[in-house]
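Q: For reference, the sequence and a predicted model appear below.
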Amino acid sequence: MSTLPPRILLSGYYGAGNLGDDLLLTVLVRELRSIFPQAHFVIRDHGDTTGLIGLGSNIEFARIEQLPSDQRRSKLIRLVLYLWTFHRLLRGCRWLVFGGGTVFHQYGGLTNLILQWCISTLAKANGVAIAALGVGVADLHSGLARLLLRSIIAKSKLFLVRDEAALQQCTGTKAQLTNDLVFAWAPEFVHGPPRNAREPGSPVVALAIYPPAFLGPTGPTTMAALVNAIQQWRSAGTRVVFLVFQNTDRIRDDNQIFQDILAAIAATSGPPIEIRRPNADAHQIANALADIDVFTGMRYHGLVLAAMLGLPFVGLAHDDKITEICRRFQMPCINVSDLDGADLVSKVELVRGRVPDQAVLTSCVAAAQKNFQAFAECNR
């Protein structure tokens, strides 16, 4: 094996203004750097790196995800440029690493899986080893989608998934179960700033939302249910904190949904609502959640962070990953299509004061670390 510092291409939804994906990249770089201290990381990103801090040196943002959105060119030209750029980036790389997140899905059709298959095929053609670490796999509805996934797994030297729901999509393959990469970040919080003491009788509820959940035929009822719950909390003196996980001007993000909610409750009275926008920094996040009693919402990594910080949570499920983490920690979960304001308020009150099972958390942390232990074994 070459003694030169390795080039590693990291592939995920990085640099898209999403806190969860930025957390994945932060953990990924830190852990891989412990295996390859001199590694040069080439990052497949969407161009928004404002939320990425402290990644250190030897980082190259490829900005490759801007190519498909260039409307000045035809779709065919964009695809050719996109794949050619990937080909150039892969040359000289030792590894292509799919690093966490729901990388493999069929949302809106087969485009995502076809592109991931093309990228994997280019990697193999360039002699680049492939690893998937702690990835999610959404429910695949077609035979072709499952065939594409199986082909990607077959090309991979290591294919590790974050939960049972993802593993079920990989039945009959060499895929193995680990856990989400962000759980490997837990020690950062153990040594971080202490959580503030809460005042009895004045609870604080943190809410995280997922904008697509407010689209479609059930969108208005989901919005109405959340507005109703917030009104009930405020009338009871409960403070509500909005946590922004998607912060970008490229799509309808969390900020815009939160503004819609604020407009809907403008005529009601109660404690003021604070909006917090933490970056992928352990101290920032710990401080943002320091006064929170219960976390509720639609963001998977919000629930992961709550578990790591010892916060009870209520999941609002729009995806299997939300259901899965709530099941694992035995916390309540409500499907967003069935969301009812009074039910949400009741479930938040039910878990208030409950601490996530530390034995479960310890097992999640150990399983997350297995991603990097297995990757290190592949490089010995």
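A: Great, that's in hand. Numbers count the residues shown, from 1 in each chain.

Q: could you list every residue that touches E65?
A: G15, A16, R44, D45, H46, G47 (Cβ atoms under 8 Å, 6 or more residues apart in numbering). Where you see a C-beta, it was placed from the backbone N, CA and C, and this is true even at glycine.

Q: Show me which strand runs longest in the protein.
A: strand 93-104 (DSSP state E).

Q: Dump the C-alpha coordinates for it into PDB.
A: C-alpha atoms of strand 93-104 as PDB (Å, rounded to 0.1, in the frame of the first residue of the first chain):
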ATOM      1  CA  CYS A  93      -8.200   8.800  -4.300                       C
ATOM      2  CA  ARG A  94      -7.800   5.800  -2.100                       C
ATOM      3  CA  TRP A  95     -11.400   5.700  -0.800                       C
ATOM      4  CA  LEU A  96     -14.900   6.900  -1.700                       C
ATOM      5  CA  VAL A  97     -16.700   7.100   1.600                       C
ATOM      6  CA  PHE A  98     -20.500   7.500   1.800                       C
ATOM      7  CA  GLY A  99     -20.600   9.200   5.200                       C
ATOM      8  CA  GLY A 100     -23.900   8.900   7.000                       C
ATOM      9  CA  GLY A 101     -27.400  10.300   6.200                       C
ATOM     10  CA  THR A 102     -30.100   8.800   4.100                       C
ATOM     11  CA  VAL A 103     -27.800   8.500   1.200                       C
ATOM     12  CA  PHE A 104     -29.800   5.800  -0.600                       C
END
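
Q: Quick one: end-to-end length of stretch 260-269, please.
A: Using Cα to Cα, to the nearest Å, the end-to-end distance of stretch 260-269 comes to 17 Å.

Q: brain fart, stretch 180-188
A: 16 Å.

Q: Could you check how far it is from the centre of its chain?
A: A distance of 12 Å separates the centroid of the chain from that of stretch 180-188, by Cα atoms, centre = their mean, to the nearest Å.

Q: ditto for stretch 172-192
A: Going by Cα atoms, centre = their mean, where stretch 172-192 is centred and where its chain is centred differ by 12 Å.

Q: Which residues does the longest helix anywhere in the chain contact?
A: In the chain, with assignment by DSSP state H, the single longest helix is helix 358-378. Contacts to helix 358-378, defined as Cβ under 8 Å, 6+ apart, come from residues 31-32, 34-35, 97, 129, 131, 133-134, 157-158, 160, 176-184, 186, 307-308, 328-329.

Q: what are the ranges of the helices in the chain?
A: Counting by DSSP H, the helices of the chain are 19-35, 75-90, 111-125, 143-155, 164-168, 186-190, 219-235, 254-264, 282-288, 300-308, 320-329, 341-351, 358-378.

Q: Pull out the buried positions in the longest one.
A: If I follow you right, that is helix 358-378. By 16 or more other Cβ atoms under 10 Å, the buried positions in helix 358-378 come out as L361, C364, V365, A367, A368, Q369, K370, N371, F372, A374, F375.

Q: Among the contacts of helix 358-378, the buried ones, what's the PyMOL command?
A: Only the buried entries of those go into this PyMOL selection, using 16+ other Cβ under 10 Å:
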select buried, resi 31+32+35+97+129+131+133+134+158+160+178+179+180+181+182+183+184+186+307+308+328+329
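
Q: quick one on the thing from earlier: quick one: average confidence on the longest helix of the chain?
A: For helix 358-378, mean pLDDT is 95.

Q: Next, the angle strand 93-104 makes with it.
A: Helix 358-378 and strand 93-104 meet at an angle of 150 degrees, taking axes from the mean of the first three to the mean of the last three Cα atoms, to 10 degrees as the criterion.

Q: Can I get helix 358-378 in CSV, CA atoms only?
A: The C-alpha coordinates for helix 358-378 follow below in CSV (Å, rounded to 0.1, in the frame of the first residue of the first chain):
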residue,chain,number,x,y,z
GLN,A,358,-28.1,5.4,29.5
ALA,A,359,-27.5,1.7,28.7
VAL,A,360,-29.2,2.2,25.3
LEU,A,361,-27.1,5.4,24.7
THR,A,362,-23.9,3.5,25.6
SER,A,363,-24.8,0.8,23.1
CYS,A,364,-25.6,3.4,20.4
VAL,A,365,-22.2,5.1,21.0
ALA,A,366,-20.4,1.8,20.8
ALA,A,367,-22.2,0.8,17.6
ALA,A,368,-21.4,4.2,16.0
GLN,A,369,-17.7,3.8,16.8
LYS,A,370,-17.8,0.4,15.1
ASN,A,371,-18.1,2.3,11.8
PHE,A,372,-14.6,3.7,12.3
GLN,A,373,-13.1,0.5,13.9
ALA,A,374,-14.2,-1.5,10.9
PHE,A,375,-12.9,1.1,8.5
ALA,A,376,-9.5,1.1,10.3
GLU,A,377,-9.4,-2.7,10.0
CYS,A,378,-9.8,-2.4,6.3
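
Q: That one: how far from the chain's middle?
A: 17 Å.
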